[in-house]
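Trainee: got a predicted structure here, sequence first:
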Amino acid sequence: MRRKLIAGNWKMNGSLAANAALLNGIKADLGQPACAVAVCVPAPYFAQCKAALAGTSVAWGGQDLSVHESGAYTGEVSGAMLRDFECTYVVVGHSERRTYHGESNELVAQKTGSAIKAGLTPIVCVGESLAEREAGQTEAVVGAQIDTVLAALDVDDVARIVVAYEPVWAIGTGKTATPEMAQDVHAMLRAKLASRNAAAAESVQILYGGSMKPDNARELLAMPDIDGGLIGGASLKAADFLAIIKAA
Ligand code: PEP
């Protein structure tokens, strides 16, 4: 039985004051969650999250990392730097990075390996655009994204990733994949994982992301291959994030 994971992706939002209010709000009503919980935050706030969340049930992580370990790479942040602040997770290959920073499937695969090497759990994002879905290319596009990552991983490391299926057309738009649409892609992703490492495929969490909210979380999370959520907008409101955690 896979434990569900609800991970917030704050994107480029927050301030010391706003984060303190959000984290206090989450901690105040979290109780003993049945699922794993994490927040993936902008790098300048790792120290704040470590101070606020150490000893709680909420893990913290980043939203990207460099493929390099150190050196003349201005603006980059390494996996070791995330580990210095006790990050557990790092989002890799989010569609906003693929779109605005030109990240290719190959670079995302490299970043996945760098995260594992640093001792982080990569949350590897995959997903098709609306044009690709309408052209019947969802399986080909998402399949190629995950295949490139899996081909670059050691077989034993397959168990060390989390996958997030995030249809690009559902991110931040209020449009959500139906539970059946998401389940179809999640099942395909699990089959891809199984073709590389059958045992690992049973344990890897495959999250859904794309306008998951308190009012649609329960039915999405009820699907057999949906093991949690990567939550953007709704992770910035303590009440909404907590409601999704409760649904899981
Ligand atoms: C995301 O950015 O990963 C995401 C799922 O965003 P939202 O929940 O706002 O659609």
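Mentor: Received the coordinates, thanks.
Trainee: what helix or strand is the most centrally placed residue in the chain on?
Mentor: Here the mean C-alpha position of the chain is nearest to the C-alpha of residue 123 (C-alpha atoms, centre = their mean), at a distance of 4.1 Å. Residue 123 is located in strand 121-126, with elements delineated by DSSP states H and E.
Trainee: and that strand, which residues are buried?
Mentor: When burial is assessed from 16 or more other C-beta atoms under 10 Å, strand 121-126 yields the following buried residues: 121-126. C-beta: built from backbone N, CA, C; applies to glycine.
Trainee: model confidence over the helix ranked longest in the chain, on average?
Mentor: Ordering each helix of the chain by length in residues (DSSP state H) puts helix 179-196 first. When the per-residue pLDDT values of helix 179-196 are averaged, the result is 98.
Trainee: C-alpha coordinates for it, PDB please?
Mentor: As requested, the backbone C-alpha atoms of helix 179-196 are provided in PDB (Å, rounded to 0.1, in the frame of the first residue of the first chain):
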ATOM      1  CA  PRO A 179     -10.300  11.400 -12.400                       C
ATOM      2  CA  GLU A 180     -10.600   8.900 -15.300                       C
ATOM      3  CA  MET A 181      -8.400  10.900 -17.600                       C
ATOM      4  CA  ALA A 182      -5.700  11.200 -14.900                       C
ATOM      5  CA  GLN A 183      -6.000   7.600 -14.000                       C
ATOM      6  CA  ASP A 184      -5.400   6.500 -17.600                       C
ATOM      7  CA  VAL A 185      -2.100   8.400 -17.700                       C
ATOM      8  CA  HIS A 186      -1.100   7.300 -14.200                       C
ATOM      9  CA  ALA A 187      -1.600   3.700 -15.200                       C
ATOM     10  CA  MET A 188       0.500   4.200 -18.300                       C
ATOM     11  CA  LEU A 189       3.200   5.800 -16.200                       C
ATOM     12  CA  ARG A 190       3.100   2.900 -13.700                       C
ATOM     13  CA  ALA A 191       3.500   0.400 -16.600                       C
ATOM     14  CA  LYS A 192       6.500   2.400 -17.800                       C
ATOM     15  CA  LEU A 193       8.000   2.200 -14.300                       C
ATOM     16  CA  ALA A 194       7.300  -1.500 -14.200                       C
ATOM     17  CA  SER A 195       9.000  -2.100 -17.500                       C
ATOM     18  CA  ARG A 196      12.200  -0.700 -15.900                       C
END
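Trainee: what's downstream of that helix, the next helix or strand?
Mentor: Following the chain from helix 179-196 toward its C-terminal end, the next helix or strand by DSSP H and E is helix 198-203.
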